[in-house]
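From the sequence below, what's the structure:
(one chain, ligands or ions: 1)
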Amino acid sequence: MKLSLFNTLTRKREVFNPLDANLVKMYVCGPTVYDHPHIGNARSAVVYDVLYRILMKLYGSSNVLYVRNITDIDDKIIDRASKLNVPISELTRQTIIDYNDDMEYLGCLKPTKEPKATECISQMIDIIQKLLDMGFAYESNKHVYFNVSRAKNYTAFSGRTTEEMRESGRIENDINKNNPEDFVLWKPANEKDDESVKFMSPFGMGRPGWHIECSAMSHTFLGSTFDIHGGGIDLIFPHHTNEIAQSCSAFPGSEYARYWVHNGFLTVDNEKMSKSIGNFITVKDLRDKQIKGDIVRLCLMTAHYRKPLDYNKKALNDAEKMLNYWYRIIGELPLNTEGSTKLDFTDIDIPKIFFDSLLDDLNTPLAIKLINDFAKEFHKTDDYKVKIAAAKKMMYCAQFFGLIRLDCNNWFKGDLDHNSIAQLIQQRTNAKKLKNWQLADQIRSNLLELGIAIEDKHDGTTIWKKVNKG
Ligand SMILES: [Zn+2]
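Numbers count the residues shown, from 1 in each chain. Next up, the predicted model:
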């Protein structure tokens, strides 16, 4: 069994071979903690969570080292704290708490390590000093810049020419730079800056630039060459391009990341998400609306990770219907639906055909189709043993995906609609016709636990009414 991944570095799908199968190393660019993550950030988190689960299943749960950083020092953080008139440390502390709640809501497992940039300042200073000593960087007006013209193959990763880079609008104008595409490694502190963003360095009091943060944190926890680096497609240039330039210059002979994985854009109602057009959705908005996390998570997995994904009301409704369908099957069977966070990924019993679809560059749309095929298998047969086997396959696959985190009663609590009740009653009627009394009784007792009592009439019909649960 081999995983194949599309590698941005070579622009090819490649068989993934880790440097050390006993310690597979993955780094993913994490949040800049100034505001709530939006649904596009959520997509990225879910994509790498799925990849993390696949790696754990392949190599063993304890043999995968997944590092996702927290950028807790950045101009955006400084600006927002001053706008809100709160201390920077308070803003970042609260945003990290909210971020963790969002991740739990989305069913994302905790990475092995989540280093904060402010905890790795000395490592950043060391790399900047190295780059200065080796002539890859220069000081100018209290700033330190990386000299892009000294980097090997700087344009190769993004495939953009220098002109295209300049026209991208992603290069900061700065009179202190020798060339426009040079980027900042260290910037001086402002007089009015909060003490928590001022750090002493050989280049003066100040703070690091964003790109050097990821180079230093990945080096600290994963070494100079590691297996996988992930992030959104918008990070290819300049962020990842600059990470490669810094790290490969500071550590000669290192490859930095060997496989680069990038997830596609997310649009909302077919438009780019933006605060100005009012289609900006945060994970917190969804939580506040009490939309179940499984629904959002499934919705975000319906497109292949490299393709664009459109988030809209219909996509969300479709995901909800699908989950209701799966939960109804589980509700008919005496299965244990303990939360997926407790699963051991090495031992979890999922069909080969399902795992193969994920090994094929994370083909989640096909994997979801297979889960639905198992659900169909359940309905096609009257053989109870075959039914149980199909339901188990369906449930384990969904749980491997981080779904089906609730038990059936909690899932349907409060929102069992008339349609679902009618369907369950129909299933019970069918079971009775086939003299499957065990199943018929199971459906009756499941409905009762959900607060629905049923009564069989002499004419063969069944009526239902709401009663107190339990
Ligand atoms: Zn990064």
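
only C-alpha atoms for contact and neighbour calcs from this point on.
Noted.

Retrieve the pLDDT associated with the residue in the stretch 151-300 of the chain positioned nearest to the ion.
Of all residues in the stretch 151-300 of the chain, the one sitting closest to the ion is C214 (4.6 Å; Cα to the ion). Per-residue pLDDT puts C214 at 98.

So what's the residue count around the residue of the chain found nearest the ion?
As assessed by Cα to the ion, the ion sits closest to C29 within the chain, at 4.0 Å. For C29, the neighbour count with other Cα atoms under 10 Å is 21.

so is Q426 in a helix, a strand, or just coil?
helix (DSSP: H, G, I helix; E, B strand; the rest coil).

Any residues of the stretch 101-250 of the chain in contact with the ion? List them.
Residues of the stretch 101-250 of the chain lying near the ion by Cα under 5 Å from the ion: C214.

Determine the set of other helices and strands touching the helix or strand harbouring L358.
Assigned by DSSP states H and E, L358 belongs to helix 352-359. Under the contact criterion of 3 or more Cα pairs under 8 Å, 6 or more residues apart in numbering; DSSP states H and E, helix 352-359 touches helix 364-380.

Please parse the chain into its domains.
4-263, 268-412, 418-466 (automatic domain parsing).

roughly how far out does the shortest one sit from the chain middle?
Offset of domain 418-466 from its chain centre (Cα atoms, centre = their mean, to the nearest Å): 39 Å.

tell me how far the ends of it are from each other?
One end of domain 418-466 sits 11 Å from the other (Cα to Cα, to the nearest Å).

how near is the closest residue in space to D35 that isn't next to it in sequence to A81?
Excluding the flanking residues, the one nearest D35 by Cα to Cα, 6 or more residues apart in numbering is T95, at 6.3 Å. Remark: distance between T95 and A81 (Cα to Cα) = 11 Å.

Could you tell me which residues touch both of the two?
Here T95 and A81 share the contacting residues Y34, scored by Cα atoms under 8 Å, 6 or more residues apart in numbering.

Hmm, H36 and T95 touching each other?
Yes: T95 is within contact range of H36, at 6.8 Å (criterion: Cα atoms under 8 Å).

overlap in contacts of the two?
By Cα under 8 Å, 6+ apart, no residue touches both T95 and H36.

can you point me to the longest helix in the protein?
Under DSSP state H, the helix in the chain containing the largest number of residues is helix 39-59.

burial measure for the residue nearest to D35, as a count.
With neighbours defined by other Cα under 10 Å, the count for T95 comes to 20.

where does it land on pLDDT?
For T95, the predicted pLDDT is 97.

what packs against the helix or strand that contains it?
Under the criterion of DSSP H and E, T95 resides in helix 88-105. Applying 3+ Cα pairs under 8 Å, 6+ apart, we find helix 88-105 packed against helix 75-84, helix 283-288.

what's next to the first one, contact-wise?
Looking back up the chat, that one is helix 75-84. The contact list for helix 75-84 (Cα under 8 Å, 6+ apart) reads 32-34, 87-88, 91-92.

again, but for the last one
For helix 283-288, contacts defined as Cα under 8 Å, 6+ apart pick out 36-39, 42, 102, 105, 293.

That helix - what's its average pLDDT?
Averaged over helix 283-288, pLDDT sits at 94.

The following helix or strand past that helix to helix 88-105, inter-axis angle?
Moving toward the C-terminus from helix 283-288, the next helix or strand (DSSP H and E) is helix 293-301. Here the directions of helix 293-301 and helix 88-105 differ by 90 degrees (axes from the mean of the first three to the mean of the last three Cα atoms, to 10 degrees).

Show me what helix 293-301 is packed against.
helix 39-59, strand 309-311, helix 313-331.

Centre of the chain to that helix, how far?
With Cα atoms, centre = their mean as the basis, helix 293-301 stands 11 Å off its chain's centre.

which residues sit against it?
Residues outside helix 293-301 that contact it (Cα under 8 Å, 6+ apart) are 43, 46-47, 105-107, 287, 309, 311, 315-316, 318-320, 323, 364-365, 402-405.

What remains of these if I keep only buried residues?
Burial by neighbour count, 16 or more other Cα atoms under 10 Å: within the contacts of helix 293-301 this picks out 43, 46-47, 105-107, 287, 309, 311, 315-316, 319-320, 323, 364, 402-405.

circling back to that earlier point, from F265, how far out is the residue nearest to D35?
From T95 to F265 the distance is 23 Å (Cα to Cα).

Could you do N279 as well?
15 Å.

ok, these two, which is more surrounded?
The neighbour comparison of N279 against F265 (other Cα under 10 Å) goes to F265, with 20 against 14.

I'd say that one and H304 touch.
No: judged on Cα under 8 Å, F265 makes no contact with H304 at a distance of 11.1 Å.

burial measure for T161, as a count.
Other residues within reach of T161, judged by other Cα under 10 Å, total 12.

tell me the helices in the stretch 101-250 of the chain, going along the chain?
Applying DSSP state H, counting those that start in this stretch to the stretch 101-250 of the chain gives helices spanning 121-133, 162-167, 210-222, 241-250.

need the least confident one among those helices, by mean pLDDT.
For these, mean pLDDT drops lowest on helix 162-167, to a mean of 86.

Buried residues, it. List them.
Going by 16+ other Cα under 10 Å, helix 162-167 has these buried residues: M165.

For that helix, C-alpha coordinates in CSV please.
Written as CSV, here are the backbone C-alpha positions of helix 162-167 (Å, rounded to 0.1, in the frame of the first residue of the first chain):
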residue,chain,number,x,y,z
THR,A,162,10.3,38.1,-11.7
GLU,A,163,8.0,40.4,-13.6
GLU,A,164,5.0,38.4,-12.7
MET,A,165,6.0,38.4,-9.1
ARG,A,166,6.3,42.2,-9.2
GLU,A,167,2.9,42.5,-10.8
